[in-house]
Structures are given as structure tokens and as C-alpha cells.
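Peer 1: Here you go, sequence then predicted model.
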Amino acid sequence: MNLPAPSTQEEIALVLDVLTFGEIELEGRLVDASNVALRGRLELGDIRTRVIYKPIEGERSLWDFPDGTLAEREAAAFVLSAVGGWNLVPPTVLREGPLGPGSVQLWVDAVEGATQSLIDVVSPAELGQGWLPVLEAQLADGTPVVVAHADRPELAAAAVFDVVINNADRKGSHLVLDQSGSLWGFDHGVSCHAEPKLRTVLWGWVGQPLPETELARLEALSGWLSNPRTPVSRTLNGLLSAAEVEAVGRRIASLLTTRRFPGPNSRGPAVPWPPL
């Protein structure tokens, strides 16, 4: 059988077992990815499902991230998403694959065209109720447009999660809806750096109070991370540097202190390119 996107802790545990121990047969490469990203079919007993496999050997060097660490950051993002209750990142493990160690993530079938119901480029006149502007731009012919996203609670939750992991590349195309309408986020390899690097298209709530649901998630995650002996802390310390784990805690503490959505910092671009 094929595995659906999990929604309970029991389902997540089953998927993680399959991702960890299943045999991977490669099907092809995702040509739009900046690093080597391979789609594969994974099999364990009578369970068969598709996955995304990103071998460490296929990671290109980046000037602002240590070499050979993107797969670990993908796995760390999943851990924080799952423990924090966001359930935004599909189950992801770090394991040996056909081309060496790398991250293996459950493939999620997205509804075609659904991303435009979340993030879009529209004319100023088309910016309707329920949408929040992020930035103004111009098309090649000079036509003014607005990059905007929907004012939806699951997107606001994703914005908080991105602050926690210091996501340096939250493009619109990295957020999709599956067949059941659940929101999923992808491509978290450039995250969890100790230095501020947040680049995202989800700036529509800047300065607004954080929802109570998000504050509760942050409080719970802060409690897990405050003790270095918890499974969460030990797992993250195996995936990130000590400075990076400490920085996660500082970002959570800052959110709990201000209790508001933060704005962009002045240390670099606030929106990834391209934004969609």
C-alpha cells in the first residue's frame, strides 16, 4: 500500500520506521532543485510509498552555510515541526541511501494549482479581502503587481515555525496543500543557522499578536529544549551544532517575550528570490 500523509503520532511513527528501514529504488531527479533531489520508491514488507532522497554528496557549497549540513537541517526541521505540534514538515529521516547518506522525506501528493490559493502575484486592484500584501513589484512591462498571501491560520502557523527554524528560503512554491487540504512545507535545508537569516514570503502578520495556539506550542517546545537530557534536545544536538541549538531556544524565547509576529531584520534580504 502507499502511505498517506500522516496526521497522528501513531501514523508518524509508522512512517518513520518505513523511511528508516525500507529499501529505496530511485525513479528520477527533480530538475528544478538547486541541489541533487531524487524521487524514489521505498518498500518495506507490503508497504510501498514514494520519497524524496537528498544525498549529502549532491549538496552544492553555499557561502553562508557549512558544507555537508543541509540534510541534517532537513531532519532537524522535521523534529521541531513534529515536537512543536506544527506538523508542517513531512516525516524526514537521516539515513544511508543509494548514493550515500542523506535525508529521506515522505513524498506528499499536492493538489495542482493549490499554491495559488495560498500565495500569489496579483494586481493591486485584485488584492481582495482575506489576503495580506507582502511586497510591491513590477512586471517586465512596468505593470504594478503585489506579492500577497492568504490570511489563513495554517499559514500564520507556518510563519511562526519559520521564525523558530530561521528559515532562509520560504518560497511560495515550498508550501502546498494535499488532497485532504492539509498544508505541508518543503525544502528546509537552509534553516537553523545560528545567525539571523529569515527570508520568507509570509510577512503579512508583522506586529500582530501571536495566536494563543502558537504561544502554547512555543511554551511546550521551550520546555523540551530547556533540558539537554530530553530526547528532543539529544536528537537536535546530533543534527545541529551547539550554537545552532542554542539559537533555536533564543528565537523561541524572543517570540514568547514579544508575543508578536516579528518583522524583517536589517542584515540581509527579507524575501527569497524568486519569491514564488
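Peer 2: Noted; the coordinates are in hand. Everything numeric here is computed off the predicted structure, so don't read it as measured data.

Peer 1: ok, now how distant is Leu44 from Asp17?
Peer 2: Remark: distance between Leu44 and Asp17 (C-beta to C-beta, to the nearest Å) = 8 Å. In this view, the C-beta of every residue, glycine as well, is placed from N, C-alpha and C.

Peer 1: How about Arg229?
Peer 2: Taking C-beta to C-beta as the measure, Arg229 falls 24 Å from Asp17.

Peer 1: quick one: which of these two has more around it?
Peer 2: Asp17 (14 against 6; other C-beta atoms under 10 Å).

Peer 1: Show me which residues of the host helix or strand of the more buried one are buried.
Peer 2: Remark: Asp17 resides in helix 9-21, with elements defined by DSSP states H and E. Within helix 9-21, the residues that qualify as buried are 12, 14-16, 18-19, counting by 16 or more other C-beta atoms under 10 Å.

Peer 1: Only alpha carbons, please: show that helix as PDB.
Peer 2: Coordinates of each C-alpha in helix 9-21 appear next as PDB, following Å, rounded to 0.1, in the frame of the first residue of the first chain:
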ATOM      1  CA  GLN A   9       1.600  10.400  16.300                       C
ATOM      2  CA  GLU A  10       1.000   6.700  15.600                       C
ATOM      3  CA  GLU A  11       0.900   7.300  11.900                       C
ATOM      4  CA  ILE A  12       4.100   9.400  12.100                       C
ATOM      5  CA  ALA A  13       5.900   6.700  14.000                       C
ATOM      6  CA  LEU A  14       4.900   4.100  11.400                       C
ATOM      7  CA  VAL A  15       6.100   6.300   8.500                       C
ATOM      8  CA  LEU A  16       9.400   7.000  10.300                       C
ATOM      9  CA  ASP A  17      10.000   3.300  10.600                       C
ATOM     10  CA  VAL A  18       9.300   2.800   6.900                       C
ATOM     11  CA  LEU A  19      11.500   5.700   5.900                       C
ATOM     12  CA  THR A  20      14.400   4.400   8.100                       C
ATOM     13  CA  PHE A  21      14.400   0.700   7.200                       C
END
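
Peer 1: next structured bit after that helix?
Peer 2: Next along from helix 9-21, by DSSP H and E: strand 23-29.

Peer 1: could you say what helices and strands that next one packs with?
Peer 2: With contacts taken as 3 or more C-beta pairs under 8 Å, 6 or more residues apart in numbering; DSSP states H and E, strand 23-29 sits against strand 38-44, strand 47-55.

Peer 1: Which positions within it qualify as buried?
Peer 2: Result for strand 23-29 [16+ other C-beta under 10 Å]: buried residues Ile24.

Peer 1: With stretch 143-150 instead?
Peer 2: 145-150.

Peer 1: Measure how far it is from the centre of its chain, please.
Peer 2: How far stretch 143-150 lies from its chain's middle: 23 Å, per C-alpha atoms, centre = their mean, to the nearest Å.

Peer 1: Also stretch 241-257?
Peer 2: For stretch 241-257, the distance to the chain centre is 17 Å (C-alpha atoms, centre = their mean).

Peer 1: Same check on stretch 180-200?
Peer 2: That offset, for stretch 180-200, works out to 3 Å (C-alpha atoms, centre = their mean).

Peer 1: Then stretch 253-269?
Peer 2: 18 Å.

Peer 1: Check what contacts that stretch and list those residues.
Peer 2: When contacts are defined by C-beta atoms under 8 Å, 6 or more residues apart in numbering, stretch 253-269 is touched by residues 156, 159-160, 163-164, 195-199, 203, 205-210, 214-215, 218-219, 222, 270.
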